[in-house]
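Student: dropping a prediction and its sequence here:
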2 protein chains.
Amino acid sequence: MGRIFKERTSVDEALRLFLEHISPLKKTEEISLETCTGRVLAEDVISERNVPHYRRAAMDGYAVRASDTMGASPTNPVMLQLSDRVEEGSLTWVHTGAAVPEGADAVVMVEDTIAVGNLVEIRAQVYPTRNVGQVGEDIKKGDVVFEEGHLLRPCDAAVLALLGLDRAKVFKKPVVAVIPTGDELVSRQKGRDVLLPGMVLETNGLMSSLYVNKWGGIPRYLDIVPDSPESIKMAIEANMDTDMILLSGGTSVGKRDHGPEVVAALGELLVHGIGVSPGKPAAIGVINNVPVVCLPGYPVAGLVALYLFVRPGIRKLAAIPEISELILKRRLAAKVSSKIGYVNFIRVVFEGDKVRPLTGAGAGVLSSVAKADGYVLVPENIEGYDEGEEVDVFLIE
Amino acid sequence: MGRIFKERTSVDEALRLFLEHISPLKKTEEISLETCTGRVLAEDVISERNVPHYRRAAMDGYAVRASDTMGASPTNPVMLQLSDRVEEGSLTWVHTGAAVPEGADAVVMVEDTIAVGNLVEIRAQVYPTRNVGQVGEDIKKGDVVFEEGHLLRPCDAAVLALLGLDRAKVFKKPVVAVIPTGDELVSRQKGRDVLLPGMVLETNGLMSSLYVNKWGGIPRYLDIVPDSPESIKMAIEANMDTDMILLSGGTSVGKRDHGPEVVAALGELLVHGIGVSPGKPAAIGVINNVPVVCLPGYPVAGLVALYLFVRPGIRKLAAIPEISELILKRRLAAKVSSKIGYVNFIRVVFEGDKVRPLTGAGAGVLSSVAKADGYVLVPENIEGYDEGEEVDVFLIE
């Protein structure tokens, strides 16, 4: 007790240090197109086909030789003979998407024709290629259709399928160990009983695991580890096969806070104490190239560390492109005060076209997050924002 | 052939008619918290507990009777006796989150103390309740923590867990039949072979199924149905146990387009022909209370109908709250022209803080969607947007 943080690192610097120690995994696997949504391509995709692979009618109508329609108009129609083949003076019915037969070089849309028995009156002139989609119009053989690193959406799966593929080579998802620590924790399996004073249900590990999953990782959600350096060390060593380790709880400087010291003993403690509120006790380290985040046990502080560090860390491991466009610009419905020297994590709710800050709830009040739609980060060098100021809003997913 | 759309319905009117025929399912199921992300609560959640259920120390320090610290300061400290119990003149060590023992009504933070053997020098005065989180500070017994209809996120799962719950009662996901139709279609299982001219790989059903899944439904992806009214009728009748039916292909007015007429024969055809480009041949109907969408076979037109109708339809069935805040405001990097009388679906890519329209690609060119980040809808009553105009951008997910 009585220990203090050696120094306080800014959020930007902490994130920079953390990401500097993370490399994209680059392990790959092949998966079916049915399961590829949200995954990241691990190779360029080059088409081995033309799509379409035939000349495609763009309209319902008649395939013709364009030269046969020269001068045709409603008042001066040209008569052509319905046939199975298109030669001079003959035409063939085609529907949208059908192959335009050899010999034909244009399609007259049905609205410009009148069929009379085996004869068809053509009432409009067409030029060669009119209403004919050329071979490779959508995708040409040899085209780079997607580049490595592309995040696959359902429409992209359909494009891969058009190329005749049934699988996609993607990057494997990073495996993230989630280790709840704390003598005070009780597993949720026992949570139906009434708890003794001072005992707390383990819920931060659940929250962390669900966020890991949402952000593109595979959580390995482990049993509660007691507050002893030996137990924490064993738990870390048993999970050195993962791609990231999250220790939840025990990150502060109290006599039961052993996470950061164990990280320092096993590897390198990069940061302990971060200029963010809530979330100050968070720590970041690396053990044999495995990045480690110590998440504060207070749930809102833990959430802040998840959003600020774990999310970008998983995205870098998984090579998921960052979509920075998803920041929303909104005006504040009320003033926000903030402590100089700390990035302040302000929970907000949407209110019409503005956001209203939820204030007064401490780092231990998780229900305040449940009420929030998003958050605003107040930079460390300002004292807050005025009512009506435009701010960047991040959604709480 | 030669049939035309009886009338063209505006997008807004078509959507209104469609949603008017959809009721939220309200079928419920209980699921574990581990799988609840993205699901919608089917009941109010009222806490049966106080969280915390005990008086919680907010700091590492000493639990005291506030009255014992009266007048304490660095220059005039008060000495108290370390003990297991807090009575007049004694104090007990507590760490953050621990129970504040009976008799104590405040916590002095460790930074304001000096321990000397069994005595502790108190160097700051505290008032009653100082650094003590009260019972129910986070959640009070009887609080409505979530209301029916709340979309569950990982932080919400943690809140439910705090209440001692291990399951959540949520609305069932709607089951959506995806029926590809068309004599020209070849299943992807055969797609490695070279296709004959005029034959097309079935990819719209795959795309539709993946979007159904992404938007909160359970796709039932069916085999290809040939272009005959009888076959389509049978396929629909075999799937009347679903909550929505998507017929892909055969929606236009050509001689092989039977989808809308079959819908009209089995139920009610609400709309055929919609003022949107691409996507005009889409149709909407209802058969015995099951909503039906006929998706155009051209993939971009099919995608448009998925976004404009199927997505809101699934969200209404599933009671998923609409998050209208996710529209992005961006300026156009180039002019966009648009046909009066049609809502135009313009594919765009992000370019710095602007969006650039991708023009020149027809309804058959799915690769143009794969290149796009989002889309802009140009209303039917204007001829386009100028370069630099601010527009609403929707992401292509």
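Tutor: The structure has been received and is ready for your questions.
Student: tell me the domain boundaries of chain A?
Tutor: Taking automatic domain parsing as the domain assignment, the ranges for chain A are A:11-26+A:173-318, A:28-51+A:141-171, A:56-133, A:326-395.
Student: how far does the first one sit from its chain's centre?
Tutor: If I follow you right, that is domain A:11-26+A:173-318. 22 Å (CA atoms, centre = their mean, to the nearest Å).
Student: how about that domain and chain B, touching?
Tutor: Yes: interface with chain B: domain A:11-26+A:173-318 contributes A:184, A:188-189, A:191-192, A:194-195, A:197-198, A:200-201, A:203-204, A:206-211, A:213-214, A:252-256, A:297-299, A:303 (CB under 8 Å from any CB of the partner chain). Glycine gets a C-beta too; all of them are placed from N, C-alpha and C.
Student: what about the strands in the stretch 1-150 of chain A?
Tutor: Ranges of strands in the stretch 1-150 of chain A, per DSSP state E, counting those that start in this stretch, are A:28-32, A:45-46, A:56-57, A:61-64, A:78-82, A:90-94, A:106-109, A:113-116, A:119-122, A:132-133, A:144-146.
Student: turn these into TSV, including mean pLDDT and distance to residue B:158.
Tutor: As requested, the strands of the stretch 1-150 of chain A are exported to TSV (pLDDT from 0 to 100; distance: least, CB to CB, whole Å):
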stretch	mean pLDDT	distance to residue B:158
strand A:28-32	98	30
strand A:45-46	97	39
strand A:56-57	92	53
strand A:61-64	96	61
strand A:78-82	96	71
strand A:90-94	95	60
strand A:106-109	96	60
strand A:113-116	94	67
strand A:119-122	96	70
strand A:132-133	93	53
strand A:144-146	95	37
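Student: just say which of those is most tucked in.
Tutor: Ranked by mean neighbour count under mean count of other CB atoms under 10 Å in any protein chain shown, the strands of the stretch 1-150 of chain A are led by strand A:61-64, which reaches a mean of 28.
Student: who's in contact with that one?
Tutor: Strand A:61-64 is contacted by residues A:57, A:80, A:86, A:91-94, A:100-101, A:104-113, A:120, A:122, A:126, A:131 when judged by CB atoms under 8 Å, 6 or more residues apart in numbering or on different chains.
Student: what about the stretch 251-397 of chain A, any weak spots by pLDDT?
Tutor: Scanning the stretch 251-397 of chain A for pLDDT under 70 picks out the ranges A:323-325, A:360.
Student: and if we set it to 80?
Tutor: Applying pLDDT under 80 to the stretch 251-397 of chain A flags residues A:252-256, A:322-327, A:359-364.
Student: that one: helices as residue ranges?
Tutor: In the stretch 251-397 of chain A, the helices defined using DSSP state H, counting those that start in this stretch lie at A:259-266, A:299-305, A:311-318, A:367-370.
Student: got JSON lines for those helices, with mean neighbour count and distance to residue A:159 too?
Tutor: Output for these, formatted as JSON lines (neighbours: other CB atoms under 10 Å in any protein chain shown; distance: least, CB to CB, whole Å):
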{"stretch": "helix A:259-266", "mean neighbour count": "22", "distance to residue A:159": "44"}
{"stretch": "helix A:299-305", "mean neighbour count": "28", "distance to residue A:159": "37"}
{"stretch": "helix A:311-318", "mean neighbour count": "22", "distance to residue A:159": "22"}
{"stretch": "helix A:367-370", "mean neighbour count": "23", "distance to residue A:159": "38"}
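Student: any chance of JSON lines for those, columns distance to residue B:263?
Tutor: Formatted as JSON lines, the helices of the stretch 251-397 of chain A follow (distance: least, CB to CB, whole Å):
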{"stretch": "helix A:259-266", "distance to residue B:263": "61"}
{"stretch": "helix A:299-305", "distance to residue B:263": "48"}
{"stretch": "helix A:311-318", "distance to residue B:263": "43"}
{"stretch": "helix A:367-370", "distance to residue B:263": "43"}
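Student: nearest to residue B:13 among these would be which one?
Tutor: Ranking the helices of the stretch 251-397 of chain A by their distance to residue B:13 (criterion: CB to CB) puts helix A:367-370 first, at 38.1 Å.
Student: from the contacts of strand A:61-64, which are also near chain B?
Tutor: The residues of these that also fall near chain B, by CB under 8 Å from any CB, are A:93, A:110, A:111.
Student: neighbours around the second one, how many?
Tutor: Put plainly, it is residue A:110. Residues near residue A:110, counting by other CB atoms under 10 Å in any protein chain shown, number 23.
Student: go on, residue A:19?
Tutor: Per other CB under 10 Å, the neighbour tally for residue A:19 reads 15.
Student: ok, now how distant is the spatially closest residue to it that is not a sequence neighbour from residue A:322?
Tutor: Excluding its sequence neighbours, the residue lying closest to residue A:19 (CB to CB, 6 or more residues apart in numbering or on different chains) is residue A:316, at 5.7 Å. Separation of residue A:316 from residue A:322 (CB to CB, to the nearest Å): 9 Å.
Student: how about residue A:274?
Tutor: Going from residue A:274 to residue A:322 by CB to CB gives 21 Å.
Student: repeat for residue A:350
Tutor: Separation of residue A:350 from residue A:322 (CB to CB) stands at 23 Å.
Student: who's more crowded, these two?
Tutor: Using other CB under 10 Å as the criterion, residue A:350 and residue A:322 rank with residue A:350 on top: 19 against 10.
Student: is it true that that one touches residue A:376?
Tutor: No: judged on CB atoms under 8 Å, residue A:350 makes no contact with residue A:376 at a distance of 12.0 Å.
Student: coming back round to it: can I get the strands of the stretch 1-150 of chain A in TSV with distance to residue B:362?
Tutor: As requested, those are exported to TSV (distance: least, CB to CB, whole Å):
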stretch	distance to residue B:362
strand A:28-32	29
strand A:45-46	22
strand A:56-57	10
strand A:61-64	16
strand A:78-82	27
strand A:90-94	17
strand A:106-109	14
strand A:113-116	22
strand A:119-122	24
strand A:132-133	8
strand A:144-146	17
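Student: so for residue A:10, which of these sits nearest?
Tutor: Of all the strands of the stretch 1-150 of chain A, it is strand A:28-32 that lies closest to residue A:10, at 35.7 Å by CB to CB.
Student: buried ones in the lengthiest strand in chain A?
Tutor: Longest strand in chain A, counting residues (DSSP state E): strand A:343-351. Using 16 or more other CB atoms under 10 Å in any protein chain shown as the test for burial, strand A:343-351 gives A:343, A:344, A:345, A:346, A:347, A:348, A:350.
Student: how about TSV for the domains of chain A, with distance to residue B:240 added?
Tutor: Listed next are those as TSV, based on distance: least, CB to CB, whole Å:
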stretch	distance to residue B:240
domain A:11-26+A:173-318	35
domain A:28-51+A:141-171	25
domain A:56-133	29
domain A:326-395	38
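Student: which of the ones you listed is buried the deepest?
Tutor: Most buried of these, by mean neighbour count (mean count of other CB under 10 Å): domain A:11-26+A:173-318, with a mean of 21.
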